[in-house]
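Novice: Need coordinates for the below:
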Amino acid sequence: MPQTKQAKKALRQSIKRTAIRKKMRADLERALKNARRALVNKNTDVTELLKLAIKKLDKAAQKKLIKKNKAGRDKSRLMKHYNKIK
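Specialist: Okay, here's the model as predicted:
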């Protein structure tokens, strides 16, 4: 356990940031899962789900939650699949 005032504050900040990042990662994974599922099932709202997934990927890369190359790779794969079924 932290002893000093600064260490206690750092722990509070760390816990808060971890919770925020955990929620962002869960939202990202959920958006990707929904987009992939829509692509496989050829749903009518696939474009909206795809836009949301791409937006979440960009935001996650911007916030350093994932690396920008991973975001680009995932977007590329989603669009490749989308263009194939289009």
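
Novice: Please work out which residues outside stretch 47-55 touch it.
Specialist: 31-32, 34-35, 38-39, 43, 75, 78-79, 82 (CB atoms under 8 Å, 6 or more residues apart in numbering). C-beta here means a position set from N, CA and C on the backbone, and glycine is covered the same way.

Novice: Secondary structure element holding the residue most central in space within the chain?
Specialist: Centrality entry for the chain: nearest residue to the mean C-alpha point is L28, 2.6 Å, by CA atoms, centre = their mean. Element membership of L28 [criterion: DSSP states H and E] is helix 5-41.

Novice: Flag every buried residue along that helix.
Specialist: Buried positions in helix 5-41, judged by neighbour count with 16 or more other CB atoms under 10 Å: 24, 28, 31-32, 34-36, 38-39.

Novice: Ends of stretch 57-71, what's the gap?
Specialist: Using CA to CA, to the nearest Å, the end-to-end distance of stretch 57-71 comes to 5 Å.

Novice: what's in contact with it?
Specialist: 21, 24-25, 28, 32, 72, 74-75.

Novice: do the same with stretch 73-83
Specialist: Contact partners of stretch 73-83, identified using CB under 8 Å, 6+ apart, comprise 32, 35-36, 39, 46-47, 50, 53-54, 57.

Novice: now, among those, which is nearest to K8?
Specialist: L57 (35.4 Å; CB to CB).

Novice: That closest one and M1: what is the separation?
Specialist: 38 Å (CB to CB, to the nearest Å).

Novice: Which one's more surrounded, those two?
Specialist: Shown here are L57 and M1; by other CB atoms under 10 Å, L57 has more neighbours (24 against 5).

Novice: what's the helix or strand for L57?
Specialist: According to DSSP H and E, L57 maps onto helix 46-62.

Novice: and the next element down the chain from that helix?
Specialist: Helix 46-62 is succeeded, C-terminally, by helix 68-85 (DSSP H and E).

Novice: got the buried residues for that next one?
Specialist: Judged by neighbour count using 16+ other CB under 10 Å, the buried positions of helix 68-85 are 71, 74-75, 78, 81.
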